[in-house]
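Asker: based on what follows, work out the 3D shape:
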Amino acid sequence: MRASFAGLIVAFSLGVDAGVAVGAAPPDTNAPLAARHPGDAGIEGDRAVLFAENFETGDLKKWDQQRGGVALTQTGPSSGRWCVQMTMERGRNTGGDTIKWFMPGADTVHARFYVKFSPDHQYAHHFVWLGANQRTNKWSSFGKAGKKPDGTYYSAGMEPWFAWGRNPPPGEVGLYTYYLDMAIDPKMNKYWGNTFFPPGPDKGAAAGPTRVVPALNQWQCWEFMIQANTAPDKADGRQAMWVDGKLVGDFTGIRWREDLDLKVNCFWLQHYGYDDNDPTKRYWKQSQSVWFDDVVVARRYIGPRSGEAVNR
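Answerer: Numbering: from 1, shown residues only. The predicted model follows:
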């Protein structure tokens with residue numbers, strides 16, 4: 001399964017890469033990135049990494065922006081002492097989020113994070129997201145719901161989808177995607193994000209026999225990626241997603257961009273819902289929470305933390 005990522009892996013020089021002693025054997029570049037950093041130790045210094053956050057500083061200073069119901073907690077982290085809790089509270093907020101830009105970005109970007117849903121969690125509206133913004137406008141991919149991409153942005157989010165109540169909480173995993181050749185919603189005449197369901201390579205269908213529904217009240221490792229197309233007229237882009245190191249969806253033939261300078265350069269960690277347009281209104285509770293931990297954003301496949309047990 002990892003052999004398919006050979007073309008995505010960057011080259012490392014002997015004795016230069018972080019954590020490799022001069023004169024040591026070169027690292028196995030076919031291995032998951034996390035396997036080279038047991039327990040994620042030193043992973044933030046790896047040259048393939050664009051951003052890493054394990055919340056062990058006890059603050060959110062690494063992030064460029066935070067909003068809403070975001071709180072650091074020492075209660076039951078995935079690893080270490082700290083994690084972050086994002087809570088949607090009815091009548092008070094629409095959840096919480098943190099944003100990190102890594103300009104100018106990269107053509108291939110993976111995002112890995114650990115997530116745990118509260119035991120009574122129902123559904124969220126939107127979840128964790130990667131975006132491609134113009135270098136001169138870091139917000140160019142934001143606020144585009146219902147619009148067809150015009151070449152100034154593209155995005156994909158790994159989300160649990162409730163399928164209008166046909167999936168049990170928290171919903172099945174899918175990739176909610178905005179790209180150049182996306183399909184319009186014929187009922188509403190809007191370009192809502194197109195959702196891709198396992199296993200691929202086509203979009204699949206919601207609540208089908210191959211759906212992947214995560215457990216509640218349990219830490220899981222989620223990862224997804226965007227690989228941009230290589231020419232304006234080529235639909236050779238890709239997106240994929242993993243749960244606990246298992247590839248659950250792999251989607252090809254995507255034309256993300258016409259401008260080859262438009263790269264993935266933003267990571268948005270969010271637990272969003274309880275808003276006016278939230279389609280899950282009939283399932284709202286007074287509050288529901290999600291916890292996140294051990295975030296890594298990199299140019300290649302990351303994989304679950306290695307060399308230690310995950311708190312369950």
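Asker: now do the SS call for residue 34.
Answerer: On the three-state scheme (DSSP: H, G, I helix; E, B strand; the rest coil), residue 34 is labelled helix.
Asker: quick one: residues contacting it.
Answerer: Each residue near residue 34 by CB atoms under 8 Å, 6 or more residues apart in numbering is listed here: 40, 43, 112, 296, 302-306. C-beta here means a position set from N, CA and C on the backbone, and glycine is covered the same way.
Asker: could you rerun that using 7 Å?
Answerer: 40, 43, 302-306 (CB atoms under 7 Å, 6 or more residues apart in numbering).
Asker: let's see if you can find the most crowded of these.
Answerer: With neighbours defined as other CB atoms under 10 Å, the most crowded of the contacts of residue 34 is residue 302; it has 30 neighbours.
Asker: from residue 89, how far out is it?
Answerer: Applying CB to CB, to the nearest Å, the value for residue 302 to residue 89 is 32 Å.
Asker: before we move on, the earlier item: report the two of the contacts of residue 34 separated the most.
Answerer: 43 and 304 (12.1 Å; CB to CB).
Asker: what about the closest residue to residue 284 other than its chain neighbours, distance to residue 122?
Answerer: Once flanking residues are discounted, residue 284 sits nearest to residue 90: 5.8 Å by CB to CB, 6 or more residues apart in numbering. Plainly put, residue 90 is 11 Å away from residue 122 if you go by CB to CB.
Asker: okay, how far is it across stretch 56-70, tip to tip?
Answerer: 15 Å (CA to CA, to the nearest Å).
Asker: give the rounded mean pLDDT of that stretch.
Answerer: For stretch 56-70, mean pLDDT rounds to 97.
Asker: now do the buried residues in that stretch.
Answerer: By 16 or more other CB atoms under 10 Å, the buried positions in stretch 56-70 come out as 60, 63, 68-70.
Asker: nearest to residue 193 among these?
Answerer: Using CB to CB, the buried residues of stretch 56-70 come closest to residue 193 at residue 68, 21.0 Å.
Asker: the closest one against residue 98, yeah?
Answerer: No: look at residue 68 against residue 98 with CB atoms under 7 Å: they stay out of range, at 9.6 Å.
Asker: how about residues contacting stretch 107-114?
Answerer: Applying CB under 7 Å, 6+ apart, the set of residues contacting stretch 107-114 from outside is 8, 50, 78, 128, 130, 219-228, 263-264, 267, 269, 292-302.
Asker: what's the neighbour count on residue 55?
Answerer: 23.
Asker: give me the spatial nearest neighbour of it, chain neighbours excluded.
Answerer: Residue 55's closest residue in space is residue 82 (CB to CB, 6+ apart), at 4.2 Å.
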